[in-house]
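# my questions concern the predicted model and sequence given below.
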Amino acid sequence: MKKILVTGGAGFIGSNYINYQVEKGEHHIINLDMLTYAGNLENIKNPEAENYTFIQGDICDLKLIQDLFAEYKFDEVIHFAAESHVDNSISDPSAFIETNINGTFNLLQTAYKLWMHEPFSIKEEFKRARFLHVSTDEVYGTLGDEGLFTEETPYAPNSPYSASKASSDLLVRSYFHTYGMPVVTTNCSNNYGPHQHDEKLIPTIIRKAIHEENIPIYGEGTNIRDWLYVLDHCKGIELAVAKGNLGETYNIGGRNERKNLYIAEKICSILDEEKPRANQKSYSELITFVKDRPGHDFRYAIDATKIEDNLGWKAEETFETGIKKTIKWYLEKYSK
């Protein structure tokens, strides 16, 4: 049974990936998470599973990382752990530099020492080892009305968050070109679905609506994101680990471009049916435009052709099907 280290596995995407893998029962999943504000062990469906182990710790703690690699001799690393909230990176960038860059370096260097004799000479028992680095489409900067991000799009990060992720992507790339490390990188569009932190856009819209509070939307709500249902993303990561070419990047996007205002209005219209307000009015009257955040990228959109054609991945959910599942999950969560 493979031993797979999943960093940040108590967070949003990481916990969905762990739940998906633990249920399949094919590998021993070791979840390393510091349990900061975004990590929550309640996100793990079956914490008592025989093929699941949780370790609380920080990827910036080099001795801990070295001890874990020595003890478990991981066959794979799926690296989700990151500071990821753009607004927080604007007010306090230091944690983003430390975790996203230095933490990634600790994992890469420790994996290199375990898996390889020297540059371009991998140990026999780790011939199938993989280091999958999970990143974001925000490293590419912003788009105008036209065009899509491809794997060849030059990096142009515009926030401390995206700059720190771009830096970690380049570190991962360097370990392939310098040492021959078996790495693969994925860059995803905006994820949504169960277990996302309450502060993110979609949970905020749902939570504010059902609590009869103003629903804040930046600027005029015209910013566009490409939305990817989290389970579709997890399946893309699984394929990239199993079949991806070493040293390459795969963009994972849902082909679901929507304006932020549309997102808010769509959620409100579904809530109008699923949980009507006492006053019988639409939740959409709670939508309130607030001052735009500094450096707010106008549009992100991913061209997922490479992973679709080369690895056979395809998003199963449209935004309209995925958002119904998501709202159902949050209504159950917020009614507890």
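Alright, I've got the coordinates. Numbers count the residues shown, from 1 in each chain.
# ok, E316 - how many residues close by?
Neighbours of E316 under the rule other C-beta atoms under 10 Å: 12. In this view, the C-beta of every residue, glycine as well, is placed from N, C-alpha and C.
# next: S15.
S15: 27 neighbours (other C-beta under 10 Å).
# wait, doesn't it sit right on H195?
Yes. Applying C-beta atoms under 8 Å, one finds S15 in contact with H195, separated by 5.2 Å.
# quickly list what's touching both of these two.
Each of 40, 43 lies in contact with both S15 and H195 under the rule C-beta atoms under 8 Å, 6 or more residues apart in numbering.
# buried residues in stretch 300-319, which are they?
300-304, 306-308, 311, 313, 315, 317, 319 (16 or more other C-beta atoms under 10 Å).
# show the contacting residues for D75.
D75 sits in contact with 2-4, 126, 128-130, where contact means C-beta under 8 Å, 6+ apart.
# ah, wrong one, I meant A264
Applying C-beta under 8 Å, 6+ apart, the residues contacting A264 are 205, 215, 217, 221, 284, 287.
# can I take it that it is in a helix?
Yes. The assignment for A264 is a helix, going by DSSP: H, G, I helix; E, B strand; the rest coil.
# pLDDT wise, what is it at?
Note for A264: predicted pLDDT of 98.
# distance check, it against H133.
In this view, A264 and H133 are 32 Å apart by C-beta to C-beta, to the nearest Å.
# again with Y52
22 Å.
# of the two, who's got more company?
Using other C-beta under 10 Å as the criterion, Y52 and H133 rank with H133 on top: 26 against 22.
# so what does the more buried one look like in phi/psi?
phi -100, psi 120 (degrees, to the nearest 10).
# that one reaches L170, doesn't it?
No. Using C-beta under 8 Å, H133 is not in contact with L170; the gap is 10.6 Å.
# what's near enough to touch the closest residue to N46 other than its chain neighbours?
Closest residue to N46 apart from its sequence neighbours, by C-beta to C-beta, 6 or more residues apart in numbering: V22 at 5.8 Å. Residues in contact with V22 (C-beta under 8 Å, 6+ apart) are 29, 44-46, 49, 51-52.
# let's see 6 Å
29, 46, 49, 52 (C-beta atoms under 6 Å, 6 or more residues apart in numbering).
# G39 now?
10-11, 33.
# can you redo those residues as a markdown table with secondary structure?
Below are those laid out as a markdown table (three-state DSSP):
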| residue | secondary structure |
| --- | --- |
| A10 | coil |
| G11 | coil |
| D33 | strand |
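# and S269, how many neighbours?
S269 has 13 nearby residues by other C-beta under 10 Å.
# test my guess that A209 contacts S282.
No. Using C-beta atoms under 6 Å, A209 is not in contact with S282; the gap is 9.9 Å.
# between those two, tell me which one has more neighbours.
Relative neighbour count places A209 above the other of A209 and S282, with 24 against 16, counting by other C-beta under 10 Å.
# next up, the contacts around the more buried one.
215, 271, 283, 286.
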